[in-house]
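J.: whatever this is, show me its structure:
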Amino acid sequence: TRYAEMGGTCRIFGKPDVEHFEACLRALDVPRSKVAHVGDSLHHDIAGANAANIANVLVTSGIHRSGLGTNFGVLPSDDKVTDLCQREGNIFPTHVVSAFRI
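T.: Numbering: from 1, shown residues only. The predicted model follows:
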């Protein structure tokens, strides 16, 4: 941030920082083995959950939809998901869904 560049001290708290995930576990008072983080960003949601050793679910109808070449609610092939994960820095989710519906 600009403030840090000027010599100020910044404390960043949020995804993908592990402390963010740890704080959520403490607030929920639930063991990590009973939790899954759900999100559409490999870099924020999936990378953060992986770093915190939390199961995670990549929602493919989100921000990576165009990179996967799919439409909302359509689950891309395993090959497309693998290719995207490799292109984005070898960030792999533990689970994949296309979308959640009510």
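J.: most centrally placed residue in this protein?
T.: Among the residues of the chain, the one closest to the centroid is residue 45, at 1.7 Å (CA atoms, centre = their mean).
J.: distance check, that residue against residue 15.
T.: For residue 45, the distance to residue 15 equals 6 Å [CB to CB, to the nearest Å]. Any C-beta I mention is one placed from the backbone N, CA and C, and that applies to glycine too.
J.: right, and the helix or strand after the least confident helix or strand in the chain by mean pLDDT?
T.: Here the helix or strand of the chain ranked lowest by mean pLDDT, DSSP states H and E is helix 2-5, holding a mean of 88. With elements assigned by DSSP states H and E, the helix or strand that comes after helix 2-5 is helix 18-28.
J.: tell me the average confidence for that next one?
T.: The average pLDDT within helix 18-28 is 95.
J.: which elements pack onto that helix?
T.: Secondary-structure packing of helix 18-28 (3 or more CB pairs under 8 Å, 6 or more residues apart in numbering; DSSP states H and E): helix 47-51.
J.: what residues sit buried inside the helix it packs on?
T.: For helix 47-51, the buried set under the neighbour-count rule, 16 or more other CB atoms under 10 Å, comprises 47, 48, 49, 50.
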